[in-house]
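[1] Below is the sequence, then the predicted model.
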Amino acid sequence: MKIVLAMSGGVDSGCAGALLRRSGHEVIGVTMLIDGFPPSPAMDSGVKECCEKLGIEHHYIDVSSQFKEKVILPAAREYASGRTPNPCSLCNPAIKFGELLKFTRDMKADCLATGHYVRLGYRQGEPFLRRGADRAKDQSYFLALLGKEVFKEVMFPLGELTKPVVRAVASDFGFHFHKAEDSEELCFVPPGVNSGDELFRRAGLTPRPGRIFYRGKAVGTHQGIHRITLGQRQGLGVALGVPAFVKSIDGTLHRVELETDPAALMCQEFFLDRWGDAPLPEPGEYEIQIRYRSRPAPCEVVSCDETQCKIRTRQPLRAVTPGQIGALYRGEELCGGGIIRLEQQ
């Protein structure tokens, strides 16, 4: 097969390329540039090493304008409204599996391969997404906004592997970066920089300070709601004598409300808004994951239409955060997902 491989210059995409070449496939590497040319020296060095060792051609494609329009600006607007977006989940349908699939078709390749830790399953010949075999590295949550048609054109060589095995494969191929530490930071945010600050900078937005309240009384100030998220306890600069957390954020008044009663942050009913081609599942019983590292919780999709579905969880969940992704599962199967909203539209 002729396969386009998304490459970052790191261990996961390098191992995916090694496995594809070992299986006899023709591989074409492609790397997205979200800040225009030239690529960063670290990325360029890793990509060149991979391609030289694997004996494959490689292309850089500049997606900086698309990235700003479809990821940076929507995410920045979400922060400005008092919500907490997940930029990676916005990037996947629009850029990684949008622009890269366009490139794949232009190259007349059979499919696009990425280094995600997820697996494909098939039912009556139709593909669906499953969690990766390595549950500690499973990335299906970040792909919850993908349309089902995408899965007909992609493959995930690392889906059945654990991270230690991936590092061992990279070592066998002589990649110098096989011991490199994993990064869980946003790819466009420099180390030590607040992600909200970076999104505002790139979007050309000016932070607006505001006040922090506790039960109707002003108890402090903040430098912008883009730095604050629901349930946050640290870094608020407020001392009430007891632990306090963010109960609500008003994007119009730039007002933050605190609470000290943990029960005030529990939620059992909320909504998922449809995003693009991502499917919203039929009413029924599922498990929902509301953050990347949270445990799936039993829930019911109570009602659903073309734009939203209503979720009711079996037990109340803490800090269900507007703007984040709600991913719905049955066992290992990803059944759909949407963007969390607390109030009905």
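    Received it, and whenever you're ready, just let me know what you need.
[2] And the strand or helix carrying residue 104, what does it pack against?
    Residue 104 belongs to helix 100-106 when assigned by DSSP states H and E. Applying 3 or more Cβ pairs under 8 Å, 6 or more residues apart in numbering; DSSP states H and E, we find helix 100-106 packed against strand 2-6, strand 26-33, strand 57-62, strand 111-113. For glycine as for every other residue, the C-beta is placed from the backbone atoms N, C-alpha and C.
[3] Is it possible to get CSV of the ones you listed that adds mean neighbour count and distance to residue 155?
    Formatted as CSV, those follow (neighbours: other Cβ atoms under 10 Å; distance: least, Cβ to Cβ, whole Å):
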stretch, mean neighbour count, distance to residue 155
strand 2-6, 24, 7
strand 26-33, 20, 12
strand 57-62, 14, 19
strand 111-113, 21, 5
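[4] got these as a markdown table, with mean pLDDT and distance to residue 161 columns?
    Shown next, in a markdown table, are those (pLDDT from 0 to 100; distance: least, Cβ to Cβ, whole Å):
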| stretch | mean pLDDT | distance to residue 161 |
| --- | --- | --- |
| strand 2-6 | 98 | 16 |
| strand 26-33 | 97 | 18 |
| strand 57-62 | 97 | 23 |
| strand 111-113 | 98 | 14 |
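[5] can I get those strands in CSV with distance to residue 79?
    Shown next, in CSV, are these (distance: least, Cβ to Cβ, whole Å):
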stretch, distance to residue 79
strand 2-6, 27
strand 26-33, 23
strand 57-62, 26
strand 111-113, 30
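[6] what's the closest of those to residue 212?
    With distances scored as Cβ to Cβ, the stretch of the helices and strands packed on helix 100-106 nearest to residue 212 is strand 26-33 (38.9 Å).
[7] What's the first helix or strand after the closest one?
    Next in sequence after strand 26-33, counting helices and strands by DSSP H and E, comes helix 41-54.
[8] next one: that next one to chain centre, how far?
    Centroid separation for helix 41-54 versus its chain: 25 Å, with Cα atoms, centre = their mean, to the nearest Å.
[9] Quick one: residues in contact with that helix.
    Helix 41-54 is contacted by residues 7-10, 13-14, 17-18, 21, 27, 29, 31, 38-39, 57-58, 173-177 when judged by Cβ atoms under 8 Å, 6 or more residues apart in numbering.
[10] do that again at 10 Å, thanks
    Around helix 41-54, the neighbours that count as contacts under Cβ atoms under 10 Å, 6 or more residues apart in numbering are 5, 7-11, 13-18, 20-22, 27-31, 33, 38-40, 56-58, 60, 170, 173-177, 180, 187.
[11] Filter the residues you listed down to the buried ones, ChimeraX style.
    To isolate the buried ones among the contacts of helix 41-54 in ChimeraX, judged by 16 or more other Cβ atoms under 10 Å, type:
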select :5,7,8,9,10,11,13,14,15,16,17,18,20,21,27,28,29,30,31,33,39,56,58,60,170,173,175,177
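[12] which strands and helices sit next to the longest strand along the chain?
    What stands out as the longest strand in the chain, according to DSSP state E, is strand 308-318. On a contact count with 3 or more Cβ pairs under 10 Å, 6 or more residues apart in numbering; DSSP states H and E, strand 308-318 meets strand 266-273, strand 284-289, strand 297-304, strand 325-330, strand 333-341.
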